[in-house]
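*Asks:* Here's a sequence, model it:
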Amino acid sequence: MRKNTQRIKTLVAIAMFSALAYASMFVIKIPVQFLDLEIKDSITVLCGLIFGPLAAVSVSVVVPLIQLMTISSTGWYGLVMNILSSLSFSLTVSLIYKYRKTFYGAITALISGVLAMTAVMMLANLFITPFYMGVPRSDVVSLIPTLLLPFNLVKAILNAAIVLMFYKPVSTIMKGIGVIETSGDSVTNNTNSIARNIVVTVISAVIIVLSLVIVFFVIGK
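*Replies:* Numbering: from 1, shown residues only. Next comes the predicted model:
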């Protein structure tokens with residue numbers, strides 16, 4: 001009985017993360033030429049860190065599908081690109097963190113997620129975008145150093161910084177309402193000092209601000 005109750009709580013929480021990721025697109029969606037800067041991947045990663053890789057995959061697929069059926073203006077191209085973006089980031093982070101549940105394991109996971117997402121989106125842009133835009137691949141290649149690479153890298157870093165800032169308070173709330181167990185999470189429970197938490201928050205905030213400055217004044221100008 002207790003197992004069933006816990007499973008229901010988990011499913012409801014994952015559904016809530018999916019809804020929050022979808023809602024975030026109405027709140028924060030910054031156009032950068034023909035691309036959109038969003039923070040939904042950070043919510044997907046948070047879900048994956050808390051509930052595991054399977055949850056990350058679920059949200060990574062479900063949210064783009066709902067987006068396709070409701071507000072998307074890019075059709076199947078947008079669906080594929082959104083799934084690849086979210087999946088490469090969230091699955092990489094949640095898989096690494098699953099086996100390295102420490103603070104430094106979380107940092108390693110986020111850095112790996114940033115690199116994985118950037119690499120996957122570069123390949124996706126090279127092989128998919130020419131068909132969507134109806135242009136030669138050479139035209140897309142010319143956009144890599146000035147738009148595609150910096151945009152995807154900054155987008156991934158921005159989302160990673162949001163995860164770093166909000167993981168601890170979100171996981172604490174999840175524990176407080178009994179959605180996840182209070183044991184077995186080193187990053188949340190093994191707080192070496194309040195100072196470290198403050199430093200992490202400040203660094204995350206600085207990265208977020210710098211990322212937005214680069215988007216607005218360098219990439220998007």
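*Asks:* Can you list the buried residues in whichever strand or helix holds Gln6?
*Replies:* Using DSSP states H and E, Gln6 maps to helix 2-27. Within helix 2-27, the residues that count as buried by 16 or more other Cβ atoms under 10 Å are 10, 13-14, 17-18, 20-22, 24-25. C-beta: built from backbone N, CA, C; applies to glycine.
*Asks:* got the contact list for the residue sitting nearest the centre point of the chain?
*Replies:* What sits nearest the mean C-alpha location of the chain, by Cα atoms, centre = their mean, is Asp41, with 2.5 Å. Residues counted as contacts of Asp41 (Cβ atoms under 8 Å, 6 or more residues apart in numbering) are 85-86, 89-90, 117, 155-156, 159.
*Asks:* cutoff 6 Å now
*Replies:* Going by Cβ atoms under 6 Å, 6 or more residues apart in numbering, Asp41 touches 86, 89, 159.
*Asks:* Output the longest helix belonging to the protein.
*Replies:* helix 149-176 (DSSP state H).
*Asks:* Endpoints of stretch 37-57, how far apart?
*Replies:* 21 Å (Cα to Cα, to the nearest Å).
*Asks:* where exactly do the strands run in the chain?
*Replies:* 29-32, 35-38 (DSSP state E).
*Asks:* okay, the first one in CSV with CA atoms only?
*Replies:* This means strand 29-32. C-alpha atoms of strand 29-32 as CSV (Å, rounded to 0.1, in the frame of the first residue of the first chain):
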residue,chain,number,x,y,z
LYS,A,29,10.7,32.7,-24.4
ILE,A,30,13.4,35.0,-25.8
PRO,A,31,13.7,35.1,-29.6
VAL,A,32,17.2,35.1,-30.9
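*Asks:* Only the buried residues of it, if you could.
*Replies:* Buried, per 16+ other Cβ under 10 Å, within strand 29-32: Val32.
*Asks:* Give me the sheet partners of it and which way each runs.
*Replies:* strand 35-38 (antiparallel) (DSSP bridges).
*Asks:* Just the mean pLDDT for the strand it pairs with, thanks.
*Replies:* Mean per-residue pLDDT for strand 35-38: 92.
*Asks:* How about residues contacting it?
*Replies:* 25, 29-30, 151, 155, 215.
*Asks:* and which of those is nearest Gly75?
*Replies:* Met25 (15.9 Å; Cβ to Cβ).
*Asks:* for the longest helix of the chain, what is the average pLDDT?
*Replies:* So the average pLDDT for helix 149-176 ends up being 93.
*Asks:* Check stretch 125-142 too.
*Replies:* Mean predicted lDDT for stretch 125-142 stands at 91.
*Asks:* With stretch 112-120 instead?
*Replies:* 98.
*Asks:* Flag every buried residue along that stretch.
*Replies:* Buried residues in stretch 112-120, counted by 16+ other Cβ under 10 Å: 112-114, 116-118, 120.
*Asks:* What of stretch 206-221?
*Replies:* So for stretch 206-221, counting by 16+ other Cβ under 10 Å, buried means 207-208, 211, 214-215, 219.
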